[in-house]
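Show me how the following folds:
(2 chains)
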Amino acid sequence: MSVTRINLTVNGSKEVVDVPSNWTLLQMLREKMALTGTKNGCAAGECGACTVMLNGEPVNSCMVLAVECDGAEVVTVEGLVQDGQMDVLQQTIIDAGGVQCGFCTPGMLISARALLDRNPNPSADEVRAALVGNLCRCTGYIRIVEAVQTAAQASQ
Amino acid sequence: MKPIQFDYYAPTSVDEGLDKLTELGYDGKVLAGGQSLIAAMNFRMARPAALVDLNRIPELAYIKPTDDGGLAIGTMTRVRRVEQDAEVAKRFPLLREVAQFIGHAQVRTRGTFGGAIAHADPAGQLPAISMAMNANLLVCSKTGERWVNATDFIFGPFMTVLEPQEMLAEVVLPPNPPRTGSVYKQVSRQKGGYAQAAVIAIMTLDEAGACQNVRLVMMSVGETPIVSEKAVEILVGQKPSEQAFKAVAEAVVTGEIDPATDLHATADYRRQLVRVLVVRALTEACERASKGG
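Numbers count the residues shown, from 1 in each chain, chains lettered A, B, ... in the order given. So this is what the prediction gives:
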C-alpha cells in the first residue's frame, strides 16, 4: 500500500496529511480531519451530499482521491463560517425552511456558494441548473431555490 | 465501500507517464478526471493494481484552434472549460450544447474531455460526440504515436483500441464545412440524468439546399454509439423533407439500433424515443444549416 504525504489548505488552514492512496477526499475530510459536515451519500456522483469546493469549483469529494489534492485549496461547509458569522446562504436557507433532515444541506450550500461566486444574481432556472447535482428527498427544492435567490438579493 | 488498495503514481510529464504505463502494463490504469473510474472503484467494480494520475501534467490540458478552423483539445481539459471556452462556442456550438447534459456541475468541474472518450461509456455524451464530429484521436506510447478515428477507437461497451501502455493524448475536431447545422437531443428522467436515448445530427447543405452530408449518431441504444449509414443513404443528394426524415427514423429504429431493457427504460420505449428524436434532430440540424450553421 502506498501512503503519500500531501500539503493542502482546508478552510483556510494549511494542513500536512499522510494519506493512503485509496482514500477519497471525502474520507480524509471526515475521518482524518473530523470535518463531518460533508456527507457520504451515494459514492457515485449522483447525490451531491459530499460536494466541497476544490480550488474554487464544486466537486463531489467521493470521486476525488485525497492524494490528488496535494497543493489544493479545499472549502467545506464548515469553512463557510467566517469569524463566527454564518454565510448569508446559511441564514437564508434556515429562514426559508430549506432544511428538513439536513443531510443534503452542506452539499447544497457549497453548490449554491459556487454559483453565487460566479453569478451573483442568478435566475430561478440558473439556481436549479446549479443544484441539479444535489438531491434532496425532503423539501421539494422550492424553498432551497428561494433561499439562494434571497441570499443573492441580500448580497447585492 | 472504499476502493481497494493500489499503488499511486503522479507523473509530471507525458514522457514520465508513458514510462510508468509501459512498466506497469496490465496492472496500470490511467486516472484522468476520475468521474467514472473512482465511482467504479468505490464499488470495487474496478480494482486496478496501480493508478497513473495525469492530473499533474499541465501540458495535457489545452484548447488550441487549428489552422483549418477546427480545434485540438488536450486529453486532460476539464469539461467545464470546454463548456465555457469562447473559441469552442464559436467553432462548435454543439459542444457547448452537449456539455450541459454531461453529469452535473460537480462532475463537469473534474471530468475530462479525453477521459470520457477513453472510458467509452455507451451512455456517455463525449464518446458519441467524438464519433459524430469525426474526431481524430492522438494515441501515444513510449514507442511512438498513432492517429485513430473516433469511430475506430471504440469497439464495445467500455472497450477501446487503447493498449495498456498507451494514453489518449489529444482529440482533434475537424472544422465544419459552411452551411452545417448540428444538434443534440436527449431524453432523461431529469436534467443531468442518465440518457434513456439521445441523438446527435450534423447536417451540411449544398448551395442548392440539398443534403450534402449528414452524420447521425444514436447513443444509449446499443453497446457503442451508433453512426447511421441509412441516414447517409436516404438523405445525401436529396432535398431534406419531413418525409425523408421519417424514413430515416424508421430505418434506424428497425435496422440499426439494438436497445436494451434496463431500469432506466425498456427497449421498446427507447425505440420510440429514437423514432421521435431522429426526426426532431434532423429537422433542427437542417434549419440551422440553412441559416448558415
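
all contacts plus neighbour counts: C-alpha atoms, from now on.
OK.

what about A:L35, how many neighbours?
Per other Cα atoms under 10 Å in any protein chain shown, the neighbour tally for A:L35 reads 18.

Which positions in the stretch 1-150 of chain B make contact with chain A?
Proximity of the stretch 1-150 of chain B to chain A, by Cα under 8 Å from any Cα of the partner chain, involves residues B:2-8, B:34-35, B:38-40, B:42, B:53, B:55, B:103-107, B:109-110.

Please tell me how far whatever residue of the stretch 101-250 of chain B ends up closest to chain A sits from B:A265.
Relative to chain A, the nearest point of the stretch 101-250 of chain B is B:Q106 (4.2 Å; Cα to the nearest Cα). According to Cα to Cα, to the nearest Å, B:Q106 and B:A265 sit 25 Å apart.

more crowded one of the two?
Neighbour count, other Cα under 10 Å: between B:Q106 and B:A265, B:Q106 has more, with 29 against 16.

Torsion angles phi and psi at the nearest residue in space to B:T75 that is not next to it in sequence?
Once flanking residues are discounted, B:T75 sits nearest to B:G114: 3.9 Å by Cα to Cα, 6 or more residues apart in numbering or on different chains. B:G114 adopts backbone torsions of phi -70, psi -40, taken as degrees, to the nearest 10.

same check, this time on the one 3 residues further on
Dihedral angles of B:I117 (phi, psi; degrees, to the nearest 10) stand at phi -70, psi -40.

follow-up on the earlier one: tell me the contacts of the residue of the stretch 101-250 of chain B closest to chain A?
A:G48, A:T51, A:E57, A:P58, A:V59, A:N60, A:G133 (Cα atoms under 8 Å, 6 or more residues apart in numbering or on different chains).

Any chance of TSV for those, columns secondary structure and neighbour count?
Shown next, in TSV, are the contacts of B:Q106 (DSSP: H, G, I helix; E, B strand; the rest coil; neighbours: other Cα atoms under 10 Å in any protein chain shown):
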residue	secondary structure	neighbour count
A:G48	coil	36
A:T51	strand	32
A:E57	strand	24
A:P58	strand	29
A:V59	strand	29
A:N60	strand	31
A:G133	coil	26
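
tell me which element B:G33 falls in.
Per DSSP states H and E, B:G33 falls between elements, in no helix or strand.

which residues does it contact?
Counting by Cα under 8 Å, 6+ apart, B:G33 makes contact with B:N55, B:M76, B:R78, B:R110, B:G111, B:T112, B:G115.

Nearest residue to the second one in space, ignoring adjacent ones along the chain?
What sits nearest to B:M76 in space, not counting adjacent residues and going by Cα to Cα, 6+ apart, is B:A61, at 4.7 Å.

Who are the contact partners of the one you found?
B:I73, B:G74, B:T75, B:M76, B:T77, B:R78.

if I've got this straight, the residue of the stretch 101-250 of chain B closest to chain A is in a helix?
Yes - the assignment for B:Q106 by DSSP: H, G, I helix; E, B strand; the rest coil puts it in a helix.

Run through the bridge partners of the residue lying closest to it once chain neighbours are set aside.
Nearest residue to B:Q106 in three dimensions, chain neighbours excluded: A:V59, at 4.2 Å (Cα to Cα, 6+ apart). Per DSSP bridges, the residues bridged to A:V59 are A:V52.

got the contact list for A:V59?
A:V59 neighbours (Cα under 8 Å, 6+ apart): A:T51, A:V52, A:M53, B:A105, B:Q106, B:V107, B:T109, B:R110.

follow-up on the earlier one: next, format the contacts of B:A61 as CSV and append pLDDT, secondary structure and neighbour count.
CSV is the format used below for the contacts of B:A61 (pLDDT from 0 to 100; DSSP: H, G, I helix; E, B strand; the rest coil; neighbours: other Cα atoms under 10 Å in any protein chain shown):
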residue, pLDDT, secondary structure, neighbour count
B:I73, 98, strand, 25
B:G74, 98, strand, 23
B:T75, 98, coil, 28
B:M76, 98, coil, 28
B:T77, 98, coil, 25
B:R78, 98, strand, 23
